[in-house]
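Asker: Using only what follows, build the 3D model:
(chains A, B, C and D)
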Protein chains: 2
Amino acid sequence: MEPNISFVAGLIGDATRASMLTALMGGKALTATELAIEAGITSQTASSHLSKLVDGQLLIVRKQGRHKYFQLKGSDVAQLLEMLLNITSKTTHSKTVTGPSDPRLRQARVCYDHLAGELSVALFNSLIKNEWIGDNGINDNEARLTVTGKAFFTELGVDFNILSTSKRPICKACLDWSERRSHLAGALGQWVLNDIFNKGWASKDLDSRAIHFTPAGLKLFAKKYDLPLLSTQGSQ
Amino acid sequence: MEPNISFVAGLIGDATRASMLTALMGGKALTATELAIEAGITSQTASSHLSKLVDGQLLIVRKQGRHKYFQLKGSDVAQLLEMLLNITSKTTHSKTVTGPSDPRLRQARVCYDHLAGELSVALFNSLIKNEWIGDNGINDNEARLTVTGKAFFTELGVDFNILSTSKRPICKACLDWSERRSHLAGALGQWVLNDIFNKGWASKDLDSRAIHFTPAGLKLFAKKYDLPLLSTQGSQ
DNA sequence: GCGCTGCTTCGATGAGCATCGAAGTATTAT
DNA sequence: ATAATACTTCGATGCTCATCGAAGCAGCGC
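Answerer: Predicted coordinates for the structure are as follows:
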């Protein structure tokens, strides 16, 4: 007997729970009240749904006084949700012409723990162009750090001894549902995003997982990673 | 606005539809009647569910006379289902001790278009041990064909000019939900499975996606890929 | 100690949807 | 041409589950 995938899929298959899970793709822990507001339901309904998601092992919960903070259980859950976003957008795109309507999500957003969007795809392309990750011609859509790439990131401040202690891959290609091309995930993708925040080049949007680069931050980001100069943020 | 993942997840989240989708992970096209029997429902119910899966772009359908044949829409749908199997088995395994109860599925089975199970994990390990795929120490869980690996497979009869015309990766690691370790997917994984069938080493089970190796076939397979001698098939 | 906040539990309500018998359509074998 | 098979459509039935008002519990500020 094979595992019953309908149980996990059924947890995600409710619009309210899906909305909460997507909100958590921003990588931050959110409270039950915040998730209720995000999903547009009462706290009773939120409580019921969150119990199911925790019991179903898609979320973990931490208590802090009377607050309960919820997070995705791990990167495998995030990958599942990202794959669902990819397949869903592919489905939707066969009916519509353009990508996501929100240009802020399109330009830069958090994909669980790394950067996604136009800027991240541009970053990925620059890593290939500069041969910092391997363009080996045999394995498409896969990322492999080269020797010069390792030197480049070491110079930026990456400590590979620390990154290697994680079980997760250093480099990983993650298919961007908005751009349909790959961006950088894995431990290195996470480091890059943290570095962007630490340097103050960008900050998280308060009510979505969009990321806002400052004009100066965008310029420094483009220079640091050898990106072609990109337009500043879209309208709104 | 981000894509609404609950729609696709909801399609999979019904036990009947999930059963049909899992049956199609065997890689074969199945008729509506076969899928009805597989799921234990009437043909009216099957018809309704299959319409939803086709409209939702998880399945494609081909007519041949009065028969309709259904297949997964592509490898991305198969990957999504495999990831759901992985997460579901991880969830279940936190409650139980052992893996899948059916030893036949555990030893060898079809994972959409490639071999999965103990034999495929052993194959993957042998490819690493013999340095036919890269064990580069930086990227865990990723597969990269080496120069000697390409020579090995060319000698086996792989035509890499043909494999390279596909957009999909030549080599890909696929996490095996039953073994919790990686096996070989991608174009090369598909070639290996086809070769096994073409040589008559194994055949598909009629009513599940288990694969049955003949004793001679198992021996030849082990020899060809330098595997330690494995026990023959489990009971039943 | 009291009142407020965050969250949970209970019970009622109603919408959504899976199921199948009956009847129908298209295809194919005889 | 007729009968059988594969599949679809219609309509009835009943089950599941999301929702929230009310009430309750735990934590915390005053």
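Asker: quick one, the longest helix belonging to chain A and helix B:75-93 angle?
Answerer: Looking across chain A with DSSP state H, the single longest helix is helix A:75-93. Interaxial angle of helix A:75-93 relative to helix B:75-93 (axes from the mean of the first three to the mean of the last three CA atoms, to 10 degrees): 150 degrees.
Asker: Now helix A:75-93: average pLDDT?
Answerer: Helix A:75-93 carries an average pLDDT of 87.
Asker: swap in stretch A:23-42?
Answerer: 94.
Asker: Can I get that stretch in CSV, CA atoms only?
Answerer: Extracted C-alpha coordinates of stretch A:23-42, given in CSV (Å, rounded to 0.1, in the frame of the first residue of the first chain):
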residue,chain,number,x,y,z
ALA,A,23,1.5,33.7,3.8
LEU,A,24,4.0,31.6,5.7
MET,A,25,6.1,31.2,2.6
GLY,A,26,7.5,34.6,3.5
GLY,A,27,9.6,32.8,6.0
LYS,A,28,8.4,34.7,9.1
ALA,A,29,6.6,33.1,12.0
LEU,A,30,3.1,34.5,12.2
THR,A,31,0.6,34.5,15.0
ALA,A,32,-2.8,32.9,14.9
THR,A,33,-4.5,36.3,14.8
GLU,A,34,-2.3,37.5,12.0
LEU,A,35,-3.1,34.4,10.0
ALA,A,36,-6.8,34.8,10.7
ILE,A,37,-6.6,38.4,9.3
GLU,A,38,-4.6,37.2,6.3
ALA,A,39,-7.2,34.6,5.5
GLY,A,40,-10.2,36.8,6.2
ILE,A,41,-11.8,34.6,8.8
THR,A,42,-12.5,34.7,12.6
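Asker: quick one: contacts of it?
Answerer: Stretch A:23-42 is contacted by residues A:16, A:19-20, A:43, A:45-47, A:49-50, A:59, A:62, A:67-72, A:78, A:81-82, A:109-113, A:204, A:208-209 when judged by CB atoms under 8 Å, 6 or more residues apart in numbering or on different chains. Yep, even glycine has a C-beta here, placed from its N, CA and C like the rest.
Asker: Pull the number of nearby residues for whatever residue of chain A ends up closest to DNA strand D.
Answerer: Going by CB to the nearest atom of the strand, DNA strand D is nearest to A:Gly65 of chain A, at 2.3 Å. When counting by other CB atoms under 10 Å in any protein chain shown, one arrives at 5 neighbours for A:Gly65.
Asker: Could you check how far it is from A:Thr31?
Answerer: Distance, A:Gly65 to A:Thr31, by CB to CB, to the nearest Å: 11 Å.
Asker: same thing with A:Ala18?
Answerer: For A:Ala18, the distance to A:Thr31 - CB to CB - is 19 Å.
Asker: So which of these two has more stuff around it?
Answerer: More crowded of A:Ala18 and A:Thr31, by other CB under 10 Å: A:Ala18, with 25 against 15.
Asker: Wasn't that one part of a helix?
Answerer: Yes: the assignment for A:Ala18 by DSSP: H, G, I helix; E, B strand; the rest coil puts it in a helix.
Asker: from memory it sits against B:Pro3, does it?
Answerer: No: counting by CB atoms under 8 Å, A:Ala18 stays clear of B:Pro3, with 9.9 Å between them.
Asker: Verify the contact between A:Val8 and B:Ile87 for me.
Answerer: Yes: between A:Val8 and B:Ile87 a contact is recorded at 5.6 Å, counting by CB under 8 Å.
Asker: got the contact list for the one residue sitting closest to the centre of chain A?
Answerer: Using CA atoms, centre = their mean, the residue of chain A that lies closest to the mean C-alpha position is A:Cys111, 0.7 Å off. With CB under 8 Å, 6+ apart as the criterion, the residues that contact A:Cys111 are A:Met25, A:Ala78, A:Glu82, A:Ser120, A:Cys174, A:Asp176, A:His183, A:Ala185.
Asker: Filtering those by proximity to DNA strand C, which remain?
Answerer: For DNA strand C, no contacts are drawn from these by CB under 7 Å from any atom of the strand.
Asker: Among those, pick out the one closest to DNA strand C, please.
Answerer: Of all these, A:Met25 has the smallest distance to DNA strand C: 19.3 Å, by CB to the nearest atom of the strand.
Asker: Next, count neighbours for that closest one.
Answerer: Count around A:Met25 with other CB under 10 Å applied: 22.
Asker: how much space is there between A:Ala46 and chain B?
Answerer: 16 Å (CB to the nearest CB, to the nearest Å).
Asker: and chain A, which residues reach DNA strand C?
Answerer: A:31-33, A:43-44, A:46-48, A:50-51, A:66-68.
Asker: Quick check: ChimeraX command selecting the buried ones in these.
Answerer: To isolate the buried members of the residues of chain A next to DNA strand C in ChimeraX, using 16 or more other CB atoms under 10 Å in any protein chain shown:
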select /A:32,46,50,68
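Asker: Looking at the residues of chain A next to DNA strand C, which one is closest to B:Lys219?
Answerer: A:Ser51 (52.4 Å; CB to CB).
Asker: Would you indicate which residues of the helix or strand containing A:Ala187 are buried?
Answerer: Secondary structure assignment for A:Ala187, by DSSP states H and E: helix A:186-198. Across helix A:186-198, burial judged by 16+ other CB under 10 Å covers A:Gly186, A:Ala187, A:Leu188, A:Gly189, A:Gln190, A:Trp191, A:Val192, A:Leu193, A:Ile196.
Asker: which residues touch the third one?
Answerer: Applying CB under 8 Å, 6+ apart, we find A:Leu188 in contact with A:Leu145, A:Phe153, A:Val158, A:Leu163, A:Ile170, A:Cys171.
Asker: swap the cut-off to 7 Å and go again
Answerer: By CB atoms under 7 Å, 6 or more residues apart in numbering or on different chains, the contact list for A:Leu188 reads A:Phe153, A:Leu163, A:Ile170, A:Cys171.
Asker: quick one: which of those sit in helices?
Answerer: A:Phe153, A:Leu163.
Asker: ok, back up a step: any idea of the mean pLDDT in the helix holding A:Ala187?
Answerer: Averaged across helix A:186-198, pLDDT comes to 92.
Asker: could you point out which element follows that helix?
Answerer: Of the helices and strands lying after helix A:186-198 in sequence (DSSP H and E), the nearest is strand A:202-204.
Asker: What strands line up against that following strand, and which way round?
Answerer: Its sheet considered, strand A:202-204 pairs with strand A:211-213 (antiparallel) by DSSP bridges.
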